[in-house]
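Asks: Sharing a sequence plus its predicted fold:
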Amino acid sequence: MKKQYDYLIVGSGLYGAIFAGKAYQQGKRCLVIDKRPHTGGNIYCENIAEINVHKYGAHIFHTSNKEVWDFVSTFVTFNRYTNSPIAHYKGKLYNLPFNMNTFYALWGVKTPEEAQAKIEEQRRTAGITSPKNLEEQAISLVGKDIYEILIKGYTEKQWGRKCTELPAFIIKRLPVRFTFDNNYFNDPYQGIPIGGYNKLTDSLLNGIEVVCNTDFFENRGYFESISDKIVFTGKIDEFYDFRLGALEYRTLRFETELLDCANYQGNAVVNYTEREIPYTRIIEHKHFEFGTQPQTVISREYSSEWTAGSEPFYPVNDEKNDRLYQQYKSLADQESHVIFGGRLAEYKYYDMDKVVEKALEMSNKMMK
Ligand code: FAD
Ligand code: UDP
């Protein structure tokens, strides 16, 4: 007998919303459910005092993939926001990512040659030839001083693990430049949707049946019975009832305040890189959209280990977890009615553009 839906989409984040939007366009019958009280997943924004507050952490869209950029740009227009975070360490400020401004502030070096010589000297002293972990990778990229001032404390707060126990790829995300360029990303396309991220997910889901406050696992049998296929964007280990063991995640706590001042820190993102300050960064949301409101909203971000009941924000892609994920993936590969997609179901530290790319790829494959 024909089931009520072609696709049940579990999760209305970017992956779920894109898949649903593409399927709906092709005339498929879709139901989207989300356990949160709203759609959009982690890119959801809450309006506080006319400011779009990134409720689940600061989100800056950036990509090198023109197809991805063109796709999202059909739903929203992006502003010219360029991410240039400031790092705060023991009362001093430094520019990020690591570039000539950082090197000058730290060592007084004025030319790329001087900066490179300084890094080379520190790399040689540390005796690292082929970096095996985040610490070695960081020292070999930027030297010991930068590692100790701008990386070690922040990373250990963010991941709750020693830098020697973390994979090198985490730090390779950040550019190292020998030019005076504070742009955090190398990608040619970057910005924040004008009108906020909700506009993007609302447009993708326009016309589709969506039910919030609904957890797939609370009524699993029913949900499995009403749809031909399931697109699952939640935690893959939870889908299998943790039968092979639990994957590790980091969760975040945001302490958000509305302040009666127009401009608190003069920048959207200030990272606190010293270990002694318990939060990793303070986000001042209005600066993502060049806001001129009389008040401002800031969020202090605290990172800790995920436990049941909290939000899983970051997969911990170390060897142990990646091995366990591969075992879950072998189970997932045998499913003919379930598609696993997105940051939690693929257990990958994906940025938004990668999620868009993956969701487009999968929906194109399924709609062929
Ligand atoms: P999610 O957005 O997590 O959506 C999954 C959805 O599934 C959620 O809404 C959840 O409630 C729902 N769900 C889960 N389980 C169930 C269930 N059992 N039943 C019903 N619903 C369920 N990327 C960038 O490109 N730039 C950035 O600046 C950036 N900053 C980030 C900052 C932070 C703090 C974090 C955590 C991530 C950041 N990212 C950034 C990454 C970005 O958030 C993700 O790439 C993207 O949002 C992932 O989309 P998704 O659909 O895979 O997952
Ligand atoms: N990082 C750091 N110091 C900083 C910013 C980042 O050491 O001031 C490291 C840290 O390990 C972090 C990684 O670089 O987890 C990636 O940073 P990114 O800003 O890409 O992290 P996200 O925005 O995903 O949290």
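Replies: Great, that's in hand. Ligands and ions are numbered 1, 2, ... in the order given.

Asks: going forward, measure contacts and count neighbours with C-alpha atoms only.
Replies: Will do.

Asks: Gly221 and Ser227, how far apart?
Replies: Gly221 sits 11 Å away from Ser227, taking CA to CA, to the nearest Å as the criterion.

Asks: Compare those two and say which one has the larger neighbour count.
Replies: Ser227 (20 against 10; other CA atoms under 10 Å).

Asks: can you pull the contacts of that one?
Replies: For Ser227, the contact set (CA atoms under 8 Å, 6 or more residues apart in numbering) comprises 3-8.

Asks: near ligand 1, from those?
Replies: With CA under 6 Å from any ligand atom as the criterion, those include none near ligand 1.

Asks: Keep only those of the residues you listed that are in strands.
Replies: If you go by DSSP state E, the contacts of Ser227 have 5-8 in strands.

Asks: can I get those in a markdown table with distance to Thr214 and pLDDT?
Replies: Output for the ones in strands among the contacts of Ser227, formatted as a markdown table (distance: CA to CA, whole Å; pLDDT from 0 to 100):
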| residue | distance to Thr214 | pLDDT |
| --- | --- | --- |
| Tyr5 | 17 | 98 |
| Asp6 | 19 | 98 |
| Tyr7 | 16 | 98 |
| Leu8 | 12 | 98 |
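
Asks: Same list, these, but as TSV with distance to Ala49 and neighbour count please.
Replies: As requested, these are exported to TSV (distance: CA to CA, whole Å; neighbours: other CA atoms under 10 Å):
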residue	distance to Ala49	neighbour count
Tyr5	40	16
Asp6	41	19
Tyr7	38	24
Leu8	36	25
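
Asks: ok, those vs ligand 1, which is closest?
Replies: Of all the ones in strands among the contacts of Ser227, Leu8 has the smallest distance to ligand 1: 10.5 Å, by CA to the nearest ligand atom.

Asks: Let me know whether the closest one touches Tyr222 as I believe.
Replies: No: applying CA atoms under 8 Å as the test, Leu8 and Tyr222 come out as separate, 11.2 Å apart.

Asks: Quick check: phi and psi on the residue in the stretch 201-350 of the chain that ligand 2 sits nearest to?
Replies: With CA to the nearest ligand atom as the measure, Asn271 is the residue of the stretch 201-350 of the chain nearest to ligand 2, at 5.3 Å. Main-chain dihedrals, Asn271, degrees, to the nearest 10: phi -90, psi 140.

Asks: ditto for Asn99
Replies: Note on Asn99: its backbone torsions stand at phi -150, psi -180 [degrees, to the nearest 10].

Asks: If you tally nearby residues, what's the number for it?
Replies: By other CA under 10 Å, the residues close to Asn99 number 23.

Asks: Same check on Thr82?
Replies: By other CA under 10 Å, the residues close to Thr82 number 18.
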